[in-house]
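Engineer: Got a sequence here, can you build the structure:
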Amino acid sequence: MVSPYTRRRAVVSTQYNQPGILRTIELILGLPPMNQMDAAATPMFDCFTEEPDFTPYDALPARVPLDELNPEPKAILDPIQRHHAIVSAGLPLESVDRCPEDVLNRIIWHAMKGSEAYPVWATRGRERP
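Structural biologist: Residues are numbered from 1 along each chain as shown. This is a model prediction of the structure:
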């Protein structure tokens, strides 16, 4: 079996945006544009070929265990991560747009950036509570 990583792939350099995606979907479904934005958008022609490639590929195994739950907060050694775990457990994540934006952004920032300082521009002139 040939791996997709050994087959030669074309690189698409065309810049696409959300209206371009919508325009592409409209063209695939044979629908007219809904407004001027998607009518003027660049369809994603470069991303498709005339003939599909049915060559099988080798799937890579997951690098993050998908069956593990987050540890209990008391098992987290980093005090900031422990605090964020406790705060996260109380956030209304089951509802759309109910979480305090700044709190959630700081939790995600620390999870991704570690000890790197939270950017001043992201505070919108507010100090951390």
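Engineer: Contacts only, for Ile80.
Structural biologist: His110 (C-beta atoms under 8 Å, 6 or more residues apart in numbering). No exception for glycine: its C-beta is placed from N, CA and C like everyone else's.
Engineer: Domain-wise, how is this protein divided?
Structural biologist: Split into domains by automatic domain parsing, the chain comes to 18-47, 73-123.
Engineer: Kindly reformat the ones you listed as a markdown table and extend each row with mean pLDDT and distance to Thr55.
Structural biologist: Putting these into a markdown table (pLDDT from 0 to 100; distance: least, C-beta to C-beta, whole Å) gives the following:
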| stretch | mean pLDDT | distance to Thr55 |
| --- | --- | --- |
| domain 18-47 | 94 | 18 |
| domain 73-123 | 91 | 35 |
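Engineer: can you put those domains in a markdown table and add distance to Ala10?
Structural biologist: Formatted as a markdown table, these follow (distance: least, C-beta to C-beta, whole Å):
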| stretch | distance to Ala10 |
| --- | --- |
| domain 18-47 | 8 |
| domain 73-123 | 31 |
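Engineer: Among these, single out whichever gets nearest to Pro65.
Structural biologist: When these are compared by C-beta to C-beta, domain 73-123 sits nearest Pro65, at 15.8 Å.
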